[in-house]
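J.: 3D model of this:
(one chain, ligands or ions: 2)
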Amino acid sequence: MSIKFPPPNPAPTPYARLTVLGAGSWGTALATVLARNGHEVRLWSRRPDHAAAINATGENADYLSGVTLPQGITATADLATALNGTEALLIVTPSSTLRAMCQAIAPMIPAGIPIALACKGVEKRTGLLLSEVVSDELPGHPVGAVSGPTFARETALDHPTAATVAFPFSYADRLSPENSPAARLALTLSGGGFRPYVSDDLIGVEVGGAVKNVVAIACGMMSGAGFAENTRAALITRGIDEMKLLAQALGGRRETVTGLSGAGDLTLTCSSTTSRNMSLGHQLGQGIPRPNCFDGRNVVVEGEVNAVSVTDLARRVGVPMPICETVHSVLHGGADLQEAFSALWARPIEAEPFALDLSLEHPAPQTSLHFGVRQ
Ligand SMILES: NC(=O)C1=CN([C@@H]2O[C@H](COP(=O)(O)OP(=O)(O)OC[C@H]3O[C@@H](n4cnc5c(N)ncnc54)[C@H](O)[C@@H]3O)[C@@H](O)[C@H]2O)C=CC1
Ligand SMILES: O=C(CO)COP(=O)(O)O
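T.: Numbers count the residues shown, from 1 in each chain. Ligands and ions are numbered 1, 2, ... in the order given. Prediction:
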């Protein structure tokens with residue numbers, strides 16, 4: 001008698017039908033990547049008129065004007081319709097709305113499908129990573145993230161773009177990694193200009209995405225106040241150190257932070273005012289009052305709320321994050337921007353990488369930064 005065993009590594013299959021929750025700029029860009037690769041996508045918007053306009057015009061004029069959406073995207077404002085028969089879910093609504101979103105979809109989400117977070121942050125009240133919020137509310141699903149240096153418009157226009165797809169690997173995933181949710185979702189997203197990488201360090205990936213927005217606000221504040229490239233390079237590099245320490249304290253890996261979702265995204269976000277986080281900081285650094293930033297428009301700036309949640313979490317686990325603390329103190333503690341950044345620069349000298357306790361005072365007699373004298 002001959003026994004036929006299945007092949008040990010069957011060919012991985014992409015997901016054919018996916019749901020994207022959140023028809024803002026990033027949700028629409030991800031839906032575009034998926035549909036361009038031939039997959040069927042339901043794109044959920046919370047506004048029926050918005051969903052109807054997307055279907056009627058083949059464009060998301062509110063968030064990605066001028067980008068023609070490929071065939072294969074159907075917008076809907078009905079959650080049950082969006083989730084019916086779906087094989088994988090991407091959540092792309094603002095981080096502050098995540099728990100409520102999960103509670104809303106709990107009765108209708110198909111059992112066991114993978115959930116990938118494309119929003120970035122830490123939950124404010126609890127200090128939980130977003131994946132922990134999802135696991136809390138929707139147990140029984142593999143939960144991961146898609147994260148990296150990815151401005152929505154460039155991604156939607158198919159510019160060469162790379163991102164990390166991260167899911168913690170189960171025992172079964174280790175035996176057959178090519179069939180893990182991370183590999184299958186990466187395969188599903190892979191095509192044209194979009195190049196995914198796979199990781200099993202979800203904590204490291206999530207920490208990078210949450211912290212980079214806060215550091216980008218710091219970069220913006222200093223550029224708005226008149227400082228330039230040296231300052232930005234310093235903030236990016238020291239920001240990476242803050243990410244590394246927090247990732248490690250939470251059980252992630254330091255080296256993940258040097259990848260696309262950490263250093264990569266931080267570099268992108270700190271490089272131009274295309275970033276809403278950088279742009280908010282820049283306007284505040286120029287002295288524009290918060291209510292007048294973005295000409296009074298209500299723009300999603302994740303780093304603003306995450307300045308609170310990230311610093312709270314860092315304090316809780318005993319990790320020093322002076323850049324995030326400085327942003328928090330200016331945004332939410334009423335601190336004067338110039339005094340706060342002067343104090344940041346006048347801290348006692350530290351070792352790099354952060355390991356030794358040197359306890360050396362800043363030697364310069366003048367410890368205030370020279371705001372207002374640069375071109
Ligand atoms: N825009 C980008 O280039 C990228 C954004 N992200 C992340 O994606 C997430 C979403 O950002 P964007 O799409 O850029 O924002 P957006 O401002 O373009 O759109 C926000 C979306 O969230 C929806 N929304 C607002 N409040 C809501 C609520 N209470 N309940 C449900 N939905 C609500 C809006 O209707 C809209 O569809 C954020 O966490 C952001 O950090 C990540 C990578 C790139
Ligand atoms: O996360 C982003 C790019 O990777 C988008 O950054 P902003 O939210 O600052 O625009």
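
J.: Pull the residues that contact the one helix or strand in the chain whose mean pLDDT sits lowest.
T.: Sorting the helices and strands of the chain by mean pLDDT, DSSP states H and E puts helix 171-175 at the bottom, at a mean of 89. The contact list for helix 171-175 (C-beta atoms under 8 Å, 6 or more residues apart in numbering) reads 167, 179-182, 200. The C-beta positions use only the backbone N, C-alpha and C, and glycine is treated the same way.

J.: is the helix or strand following that helix anywhere near ligand 1?
T.: Counting by DSSP states H and E, the next helix or strand C-terminal to helix 171-175 is helix 181-189. No - Helix 181-189 stays clear of ligand 1 (C-beta under 6 Å from any ligand atom), getting no nearer than 13.2 Å.

J.: where's A116, which helix or strand?
T.: Judged by DSSP H and E, A116 forms part of strand 115-117.

J.: Alpha carbons of the least confident helix or strand of the chain, as PDB, please.
T.: Below are the C-alpha coordinates for helix 171-175, written out as PDB (Å, rounded to 0.1, in the frame of the first residue of the first chain):
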ATOM      1  CA  TYR A 171       4.200  27.200  15.600                       C
ATOM      2  CA  ALA A 172       2.300  26.200  12.400                       C
ATOM      3  CA  ASP A 173       3.700  29.300  10.600                       C
ATOM      4  CA  ARG A 174       7.200  28.300  11.500                       C
ATOM      5  CA  LEU A 175       6.700  24.900  10.000                       C
END
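
J.: So I323, which state does it fall into?
T.: Per DSSP: H, G, I helix; E, B strand; the rest coil, the local secondary structure of I323 is helix.

J.: What pLDDT is listed against it?
T.: Listed pLDDT for I323 reads 98.

J.: how about it, what does it touch?
T.: I323 sits in contact with 214-215, 218, 235, 238-239, 242, 344, where contact means C-beta under 8 Å, 6+ apart.

J.: Go through those residues and say which is closest to V317.
T.: Taking C-beta to C-beta as the measure, V317 sits nearest to E242 out of these, at 12.4 Å.

J.: Run through who's touching the helix or strand hosting the closest one.
T.: Using DSSP H and E, E242 maps to helix 229-249. Residues from elsewhere that reach helix 229-249, judged by C-beta under 8 Å, 6+ apart: 203-204, 207-208, 211-212, 215, 218-219, 222-223, 253-254, 256-258, 262-263, 266-267, 270, 310, 313-314, 317-324, 352-354.

J.: try stretch 119-132
T.: Stretch 119-132 is contacted by residues 22, 26, 91-96, 98-99, 117, 133, 136, 143-145, 147, 202-203, 206-207, 209-210, 212-213, 250, 302, 305-306, 308-310, 312-313, 316 when judged by C-beta under 8 Å, 6+ apart.

J.: Give the buried subset of those as a PyMOL selection command.
T.: Selecting only the buried entries of these in PyMOL, with 16 or more other C-beta atoms under 10 Å as the criterion:
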select buried, resi 22+26+91+92+93+94+95+96+98+99+117+133+143+144+145+147+202+203+206+207+209+210+212+213+250+302+305+306+308+309+310+312+313
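
J.: and ligand 1, which of the contacts of stretch 119-132 contact it?
T.: Filtering those for neighbours of ligand 1 using C-beta under 6 Å from any ligand atom leaves 22, 26, 92-95, 302.

J.: of those, closest to A51?
T.: Using C-beta to C-beta, G22 comes nearest to A51 of these, at 11.9 Å.

J.: Touching, the closest one and H50? I think so.
T.: No - applying C-beta atoms under 8 Å as the test, G22 and H50 come out as separate, 11.2 Å apart.

J.: list the contacts for the nearest residue to R47 once chain neighbours are set aside?
T.: Distances taken as C-beta to C-beta, 6 or more residues apart in numbering put A77 closest to R47, at 6.2 Å, once the chain neighbours are dropped. Contacts here follow C-beta under 8 Å, 6+ apart; on that basis A77 touches 44-48, 50-51.
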